[in-house]
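1. below: sequence and its predicted model.
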Amino acid sequence: MKTPLEITFRNLDHSDAVEAKVRDKVAKLEQAYDRITSCRVALEALNRQHVKGNLFSVHIEVGVPGKQVVVDTAGKDRAHEDIYVALRDGFRAARRRLEDHSRRRSGRVKTHAVPPHGTVARLFPQEGYGFIQTPDGREIYFHENSLIDGSFGKLEPGQEVRYVAAEKESDKGPQASTVKRIGKHHLQG
């Protein structure tokens with residue numbers, strides 16, 4: 001780190017043990033992300049109760065080239081009545097944000113697979129089954145019992161659905177074991 005670590009205690013007495021824990025957590029951050037240029041940590045007791053119930057807030061600012069990563073545990077979590085738990089949560093969040101920043105800079109951003117989806121091609125309401133047309137033009141058979149919310153009667157041809165393909169084909173071809181209706185705004189593949 002180019003700039004020395006700054007640790008501030010607000011509304012609470014200085015503690016060598018807490019300061020040592022902060023220094024340890026910062027050292028672990030530096031091992032995970034070696035481009036840290038500065039780090040400021042502010043520890044605050046949100047109310048000056050000396051009895052049970054005092055919440056602690058941890059504010060962490062980590063400087064990296066071209067960005068300032070800021071984490072603030074607002075002290076809303078009852079677990080943050082323990083300053084060490086608040087520190088743990090704050091530094092976990094800081095580490096995740098540094099990892100996200102690192103992935104973005106290196107172009108390794110997570111992408112999520114688009115779940116299989118299609119449109120209802122044909123329905124046979126009296127028999128209780130229908131077919132889904134996939135984006136590549138295949139048809140998948142599904143039974144009314146495979147609908148998640150039991151809304152077979154609400155399905156219409158052209159409606160968009162997500163599905164999970166079954167392990168084995170039925171006598172009518174590929175089969176969906178689970179079908180869920182989806183709205184207009186869904187993942188595009």
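-> Happy to help now that I have it.
2. so which helix or strand takes in the residue of the chain positioned farthest from its centre?
-> Outermost residue of the chain with respect to the C-alpha centroid, by C-alpha atoms, centre = their mean, is Gln126; its distance is 42.5 Å. For Gln126, there is no host helix or strand (DSSP states H and E).
3. that one and Ile140, how far apart?
-> To Ile140, Gln126 is 20 Å away according to C-beta to C-beta, to the nearest Å. To be clear about C-beta, it is placed using only N, CA and C from the backbone, and glycine gets the same treatment.
4. next one: phi and psi at the residue farthest from the centre of the chain?
-> Dihedral pair for Gln126: phi -70, psi -40, per degrees, to the nearest 10.
5. what distance do you get for it to Glu144?
-> Distance from Gln126 to Glu144, by C-beta to C-beta: 11 Å.
6. same deal with Leu123?
-> Distance from Leu123 to Glu144, counting by C-beta to C-beta: 9 Å.
7. need the residues touching each of these two.
-> The contact sets of Leu123 and Glu144 overlap at Gly130 (C-beta atoms under 8 Å, 6 or more residues apart in numbering).
8. residue contacts, Gly90?
-> Residues in contact with Gly90 (C-beta under 8 Å, 6+ apart) are 58-60, 71-73.
9. the strands in the protein, which residues?
-> In the chain, strands defined by DSSP state E lie at 6-10, 38-45, 56-64, 67-73, 117-124, 129-133, 139-143, 160-165, 175-181, listed in chain order.
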